[in-house]
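In: Below is the sequence, then the predicted model.
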Amino acid sequence: MEAEDCGNTFALPMANEIEVVSVTLDVTEGALAAMSGAMSGAENDDVLVISVLGGGCSGFMYDMQIQSRPEGNGWQFISCDGITIAIHDKDSKQLSGITLDYVNSLMGGGFKVINPNAEKSCGCGKSFR
């Protein structure tokens, strides 16, 4: 059986250029206390990386991880009372202007991101669009 020439071509998607903005953020006293507690055993070069991932009920979710300070270009670092927060340039437009809070409740506590850039936020507070 001979292969047919369908005339279809395959093309890789073009990379979208990202808009990089200078990140500003606010951290509440509750979030600062929670970050200090979480990072008390961290190494000197550890930072809190805040990023945006695809998923969640609204399209995007916030991700926060304590890890070694990222190397290379494309990172913005914000110092907050001795704690360094790192945000990658690819997430800068979506995360600039956020307020990082920490909420204690009967249902459990955790970080809450208040994002003025979000068109829509989910009731869980973990995802946005």
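Out: Structure's in. What do you need?

In: only C-alpha atoms for contact and neighbour calcs from this point on.
Out: Fine.

In: Between the two ends of stretch 23-39, what distance do you get?
Out: 22 Å (C-alpha to C-alpha, to the nearest Å).

In: Let me know the average pLDDT across it.
Out: Averaging pLDDT along stretch 23-39 yields 94.

In: Could you shift the numbering so residue one becomes 594, and keep it that way?
Out: Sure, I'll start counting at 594 from here, so that last one is stretch 616-632.

In: Quick check: buried residues in it?
Out: For stretch 616-632, burial by neighbour count (16 or more other C-alpha atoms under 10 Å) applies to 616, 620, 624-625, 627-628, 632.

In: same thing with stretch 658-668?
Out: Buried residues in stretch 658-668, counted by 16+ other C-alpha under 10 Å: 659, 662-663, 668.

In: Rebuild these as CSV, extending it with pLDDT, distance to residue 681 and secondary structure.
Out: Listed next are these as CSV, based on pLDDT from 0 to 100; distance: C-alpha to C-alpha, whole Å; DSSP: H, G, I helix; E, B strand; the rest coil:
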residue, pLDDT, distance to residue 681, secondary structure
659, 93, 14, strand
662, 95, 12, coil
663, 95, 9, coil
668, 97, 4, strand
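
In: before we move on, back to that, go through the buried residues of stretch 616-632 and say which is closest to residue 674.
Out: Relative to residue 674, the closest of the buried residues of stretch 616-632 is residue 625; by C-alpha to C-alpha it sits at 8.0 Å.

In: is it true that that closest one lies in a helix?
Out: Yes. The assignment for residue 625 (DSSP: H, G, I helix; E, B strand; the rest coil) places it in a helix.
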